[in-house]
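Novice: When you get a sec, could you give me coordinates for this:
(one chain, ligands or ions: 1)
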Amino acid sequence: MIQHVDEAIVLRTWPFHEADLLVSLFTRVQGKVKGVARHALRSRRRFGGALEPMTHVRATYAEKPRQELVRLDAFEILSSPMSRPVDYARVAALEMVAEVLEEAMPEGAPEDAVFRLAIAVLEQLEVGRVWMPVTYFALWMNRLMGWMPELGHCSACGLDLRGWTIWYSAASDGVTCADDRRPGSMAVSAESVALAGRMFRGTVKGLAAEEWPKTRGADLRRFAIEVLERHLEGRLLSARLLR
Ligand SMILES: [Zn+2]
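Specialist: Next up is the predicted model:
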């Protein structure tokens, strides 16, 4: 049996047997792991309050030979999203980050850049201020996963699109000019494309100092979420809640 103590983010839990929980964790060193928290519903001492999605914990767990599920022994909370005020939008945003990580990350493959992105975004997700961090997260996840389309040129005619509205269809890769847009394409304004450039150059903490009402970069957020959904091959339930 191999014992691990690793920083982790709780992604999702499912009831398992009687009082146990199956927990999906995104760990810093081992990547995503699934494990069983025995008697979690009864043992508040070992897991109390640490099983909400997006809780940042130090997890102690044991890997058993030839077994897919690890044994979760204890979670120490490093930061809990529930220790700060919550509303519907913030809960939906937290769930979106957890859902994307759950769907996108393969088991057992560490991704330190994704882990650091998640922690940085989590810190900025405050009541009334979720729109920018969610957009930042979706854009950066696409980039780190290698899913981000090139925004500077039309994928059909090669036209330089810098400074222009771009068009995106979830039915194909790349973005196009207005003339080559495919049926059902969505537009991302030149202003929002410029915001994407700033998000790729800046930190989420730095950008959070600005005012970001829901309408600012709304087309960019929809675009980033549609690119994620195209690659995850399914609708993100939490993204629908967020809209
Ligand atoms: Zn074109």
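
Novice: In contact with the residue nearest the centre of the chain, which residues are there?
Specialist: Geometric centre of the chain, nearest residue: residue 97, 3.0 Å, by C-alpha atoms, centre = their mean. Residue 97 makes contact with 54, 118, 121-122, 125, 134, 137 under the criterion C-beta atoms under 8 Å, 6 or more residues apart in numbering. Where you see a C-beta, it was placed from the backbone N, CA and C, and this is true even at glycine.

Novice: now with 7 Å?
Specialist: If you count contacts by C-beta atoms under 7 Å, 6 or more residues apart in numbering, residue 97 has them with 54, 118, 121-122, 137.

Novice: need the residues you listed in a markdown table with neighbour count, secondary structure and pLDDT, can you?
Specialist: Converted to a markdown table, the contacts of residue 97 look like this (neighbours: other C-beta atoms under 10 Å; DSSP: H, G, I helix; E, B strand; the rest coil; pLDDT from 0 to 100):
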| residue | neighbour count | secondary structure | pLDDT |
| --- | --- | --- | --- |
| 54 | 25 | coil | 94 |
| 118 | 24 | helix | 98 |
| 121 | 26 | helix | 98 |
| 122 | 21 | helix | 96 |
| 137 | 29 | helix | 98 |
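
Novice: Is it possible to get these out as CSV so that each row also shows distance to the ion?
Specialist: Below are these laid out as CSV (distance: C-beta to the ion, whole Å):
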residue, distance to the ion
54, 40
118, 36
121, 33
122, 39
137, 30
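
Novice: circling back to that earlier point, quick check: which element contains the residue nearest to the centre of the chain?
Specialist: Residue 97 belongs to helix 88-104 when assigned by DSSP states H and E.

Novice: That helix: which residues count as buried?
Specialist: Of the residues in helix 88-104, 89-102, 104 count as buried by neighbour count, 16 or more other C-beta atoms under 10 Å.

Novice: For that helix, give the mean pLDDT please.
Specialist: Mean per-residue pLDDT for helix 88-104: 96.

Novice: That one: how far from the chain's middle?
Specialist: Centroid separation for helix 88-104 versus its chain: 6 Å, with C-alpha atoms, centre = their mean, to the nearest Å.

Novice: Up against the ion, what does the chain have?
Specialist: Contact residues, the chain versus the ion (C-beta under 5 Å from the ion): 154, 156-157, 159, 177, 180.

Novice: Can you say which of these are buried?
Specialist: 154, 156, 159, 177, 180.

Novice: so where's the protein uncertain?
Specialist: 43-44 (pLDDT under 70).

Novice: In the longest strand anywhere in the chain, which residues are buried?
Specialist: For the chain, the longest strand by residue count, based on DSSP state E, is strand 2-16. Neighbour-count burial for strand 2-16 flags 4, 6, 8-13, 16 (criterion: 16+ other C-beta under 10 Å).

Novice: Identify, from these, the entry nearest to the ion.
Specialist: Using C-beta to the ion, residue 11 comes nearest to the ion of those, at 39.6 Å.

Novice: From residue 175, how far off is the closest one?
Specialist: Taking C-beta to C-beta, to the nearest Å as the measure, residue 11 falls 31 Å from residue 175.

Novice: so who does residue 135 touch?
Specialist: The contact partners of residue 135, taken as C-beta under 7 Å, 6+ apart, are 217, 220-221, 224.

Novice: let's see 6 Å
Specialist: Residue 135 sits next to 217, 220-221 when contact means C-beta atoms under 6 Å, 6 or more residues apart in numbering.
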